[in-house]
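A.B. asks: need a structure here:
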Amino acid sequence: MITTEPIRPENIMSLKLNYLPPEVIEAFNENIIRNYVDGSAQVFVDDVIESIIKLLPETSEIDIFRKKYLDVEGLFESVGWKVSFYKPPVAWAGETGRSYFIFEKHM
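C.D. replies: Purely as a prediction, here's the structure:
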């Protein structure tokens, strides 16, 4: 897309939506639906990555991070969700945690 003027802030969400493959949104939607209970859904990053790769087999985990396919908070917030992201602290002694999003119905 060639443009002659800068992107306006009020247009960024629709432009970002057009940038992302629809399969990325579908992967998030599937995980939100699967995990939705009492007004919110906890969606693990590794589950979304797995879903994206199933829907877009030519895409790798590296591609997902490089192309920022997981940066969807603003998109979902623009349609009524409150989105929070949690990343576990640095692992000690081999412990690991899972990063996740919380999607809550915006009041």
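
A.B. asks: what about the strands in the protein?
C.D. replies: Secondary structure of the chain by DSSP state E: the strands cover 36-37, 40-44, 81-86, 100-105.

A.B. asks: Any chance of these in a markdown table with mean pLDDT and mean neighbour count as columns?
C.D. replies: The C-beta positions use only the backbone N, C-alpha and C, and glycine is treated the same way. Formatted as a markdown table, the strands of the chain follow (pLDDT from 0 to 100; neighbours: other C-beta atoms under 10 Å):
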| stretch | mean pLDDT | mean neighbour count |
| --- | --- | --- |
| strand 36-37 | 96 | 10 |
| strand 40-44 | 97 | 18 |
| strand 81-86 | 96 | 15 |
| strand 100-105 | 96 | 18 |
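
A.B. asks: Out of those, the one nearest residue 26 is which?
C.D. replies: Closest to residue 26 of the strands of the chain is strand 40-44 (C-beta to C-beta; 13.1 Å).

A.B. asks: packing partners for the closest one?
C.D. replies: Helices and strands touching strand 40-44, as assessed by 3 or more C-beta pairs under 8 Å, 6 or more residues apart in numbering; DSSP states H and E, comprise helix 22-35, strand 100-105.

A.B. asks: Nothing else from me, thank you.
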